[in-house]
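Student: model this:
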Amino acid sequence: MRFPGTAYLVIALTLVSATAQEPKKPSQPDRNAFTFLNWDLNVRIETQTDSLFARGKITLRNDSAQSQRLLPLQLSSSLTWASIKQSGNAVPFTTSKVRSDLDHSGNVQEAIVTLPVAIAPGASLEIEVGYSGTISLDTTRLAQLGVPLVIRAATDYDRITPSFTCLRGVGHVLWFPVSLDPAMLSEGNRVFEETSAWSVRHSLSTMGVQIETDNQNRVLSNAQLVRIEFLGSVTIIEHWWGHLGLTGPVLVAGPYEAALARQETGKTAFSVNFLPDHQTQAQDYARVIRDTTPMITGKSDFPASLIELPEAEDTTFDADTVLLTPLKTIDRKSLEVTITYMFAHKTLWSPRAWIYEGAAHLAQALMREQQDGRAAAIGYMQQRLTPLTLVDSGAPETAKSNSLVNTTSEVFFRTKAMYVWWMLREIVGQRVLLDSLQQYDPESDKEPSYIQKLLEKNSHKDLEWFFDDWVYQDRGLPEFTASNGYARPSLQGIFLVSATIENKGGAGAELPVIVHTEAGDVPTRQLVPAHGKVAVRIEVGSRPINLTVNDGSVPEADRSDNTTPIKIGHP
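Tutor: Take a look at the predicted model:
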């Protein structure tokens, strides 16, 4: 289990918090009113006492339609608010512990700040904060669900200790101020939905953290290292996130050594950070990274790294260009698939989640295809399909909010987007698709149609129908049936196969149509519009057996009626 980065993990429980179902009282602050634009923090970590002391400034913008006088700020329940100021003056605030599984402790420490002047819609403000406390291994939220201790400790391993520190942010431990509606794991997917929505909303936000530590451990992150300074027994490290991405800021510290896995001329490095006595395992990982060919590349160039987790049972966690993982005996193919995902994130940045994540998952499918063929790639995608079929109803009222350009749901911007990129590859060709992604400029992506126009320019194909059905609107998934299979043989031994293909779903697709014959399969492709029927005619050189539409490369909930037997007529 991971928070975030796991596509739609469902925890089914019968007991749901009654308080979570109560409507928001008018006097309660709007926890979604403010977007955090920037954090500028000074953080001191004292490993001997598991302690964190922080002060700094936060820039926020009121993105609601109403003026806001109350500002909610939340931290992990193990941290305490010390001061909150605006323009150098203390502002009044109240604090309370709020039940929420968005922190590993199962609670958050919330400060409700009363601002001197209401903040108008679209206006920004800067707040100075100070807080401190301890961050220890805490598995309370999972214990409340009855999860065994060994699994809890391997999942919620965030902590500050002399030998290992890990701070993973929203959904794990709130070590920096945020504002989110409370969510409980007992509410199905609520925690994951809140985490995902927060991540998408703040993916372009920035953060600078100057960290002071009391030991010589290396402090690593999924950000750019700006400065490191040694002052006697104190080390000062400064990290900068030019954009938080879809994972948010992650800090890890320990007695790490580094093995350079990959360094291309003029490019930032890909490294493996390992704990003492694990150099051999690190070199094995580095060797696979060196031998892995990126499947998708873009214009960006971010440093990437693997960071070893201390326990073999610890759950792997991906943080955009950083992977937290135990160094185990290598399953080479699985590691290549993971590395391919990181390579895509290393060079292809997009402010649009469906491009950033969907293309990275496409890279994994392409790697499976390179390893073991098309069926393996489709199998990889289908392993992730079920959650999408459960939620993608295509209801008119969610056509805009669930569209790929607007969604905040991981199951859409990861899984559905992966299928969309695969289908685009089959429509325009792999070379055109990869060239277009290589040319993609996130700074020029000012409107949703930017990538469509880039693909159309390079492929000389009209893709408006596809983007309207799959990207700009959520029309649900297609639902294909094949019927009326018939073949008439000729005197030359050629069979003309005909069949009817119907799409009962709300999204059209160009999909594979395969005639299975005694001599093998004969594939072709056919565009079938939403709520439409088409008649296909296919010539084959040997006796046909049946015809199948969709080999699984187009997402579909039910493929049980996708094959029709072929009746052989008389010449």
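
Student: pretty sure Ala286 is in a helix, no?
Tutor: Yes: judged by DSSP: H, G, I helix; E, B strand; the rest coil, Ala286 forms part of a helix.

Student: could you pull out the strands for the stretch 301-450 of the chain?
Tutor: For the stretch 301-450 of the chain, applying DSSP state E, counting those that start in this stretch gives strands covering 304-308, 317-319, 322-325.

Student: relative to Trp354, which of the ones you listed is closest?
Tutor: Checking the strands of the stretch 301-450 of the chain against Trp354 by CB to CB gives strand 317-319 as the closest, at 17.3 Å. C-beta coordinates here come from the backbone N, C-alpha and C atoms, glycine included.

Student: neighbours around Leu424, how many?
Tutor: 26 (other CB atoms under 10 Å).

Student: my read: it touches Phe466, true?
Tutor: Yes: contact criterion CB atoms under 8 Å: Leu424 and Phe466 qualify, at 7.2 Å.

Student: wait, which of the strands of the stretch 301-450 of the chain is closest to Pro92?
Tutor: Here strand 317-319 is closest among the strands of the stretch 301-450 of the chain (CB to CB), at 36.6 Å.

Student: for that closest one, the distance to its chain's centre please.
Tutor: Offset of strand 317-319 from its chain centre (CA atoms, centre = their mean, to the nearest Å): 9 Å.

Student: which elements pack onto that strand?
Tutor: strand 322-325, helix 332-347 (3 or more CB pairs under 8 Å, 6 or more residues apart in numbering; DSSP states H and E).

Student: in its sheet, what does that strand sit against?
Tutor: The pairing partners recorded for strand 317-319 under DSSP bridges are strand 322-325 (antiparallel).

Student: so what touches the partner strand?
Tutor: The contact list for strand 322-325 (CB atoms under 8 Å, 6 or more residues apart in numbering) reads 166, 220-222, 250, 252, 304-309, 314, 316-318, 338, 342.

Student: related to what we said a few turns ago, export the strands of the stretch 301-450 of the chain to a markdown table and append columns for mean neighbour count and mean pLDDT.
Tutor: Putting the strands of the stretch 301-450 of the chain into a markdown table (neighbours: other CB atoms under 10 Å; pLDDT from 0 to 100) gives the following:
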| stretch | mean neighbour count | mean pLDDT |
| --- | --- | --- |
| strand 304-308 | 24 | 97 |
| strand 317-319 | 24 | 95 |
| strand 322-325 | 23 | 97 |
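
Student: pull the helix or strand with minimum mean pLDDT from the chain.
Tutor: Lowest by mean pLDDT, DSSP states H and E among the helices and strands of the chain is strand 224-231, with a mean of 87.

Student: export the helix or strand that that strand is followed by as CSV, just CAs?
Tutor: Toward the C-terminus, strand 224-231 is succeeded by strand 234-241 as the next helix or strand (DSSP states H and E). Extracted as CSV, the C-alpha positions of strand 234-241 are listed here (Å, rounded to 0.1, in the frame of the first residue of the first chain):
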residue,chain,number,x,y,z
VAL,A,234,26.0,20.6,12.1
THR,A,235,25.2,20.1,8.5
ILE,A,236,23.0,22.5,6.5
ILE,A,237,21.4,21.3,3.3
GLU,A,238,19.1,23.3,1.0
HIS,A,239,16.6,21.7,-1.3
TRP,A,240,14.4,23.3,-3.9
TRP,A,241,11.3,22.0,-5.6
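
Student: which elements pack onto the longest helix anywhere in the chain?
Tutor: Among the segments of the chain that qualify as a helix by DSSP state H, the longest is helix 353-372. Helices and strands touching helix 353-372, by 3+ CB pairs under 8 Å, 6+ apart, are helix 332-347, helix 374-382, helix 417-428.

Student: got the phi and psi for Pro303?
Tutor: When read as degrees, to the nearest 10, the backbone of Pro303 gives phi -70, psi 150.

Student: correct me if wrong: it contacts Thr268.
Tutor: Yes: counting by CB under 8 Å, Pro303 touches Thr268, with 4.3 Å between them.

Student: common neighbours of those two, please.
Tutor: Lys346.

Student: per-residue pLDDT, Gly571?
Tutor: I think there's a mix-up here, since residue 571 is Pro and not Gly. Model confidence at Pro571, given as pLDDT, is 71.

Student: got it, and Pro255?
Tutor: 95.

Student: same question, the one 5 residues further on
Tutor: Confidence per residue is given as pLDDT, and for Leu260 that number is 91.
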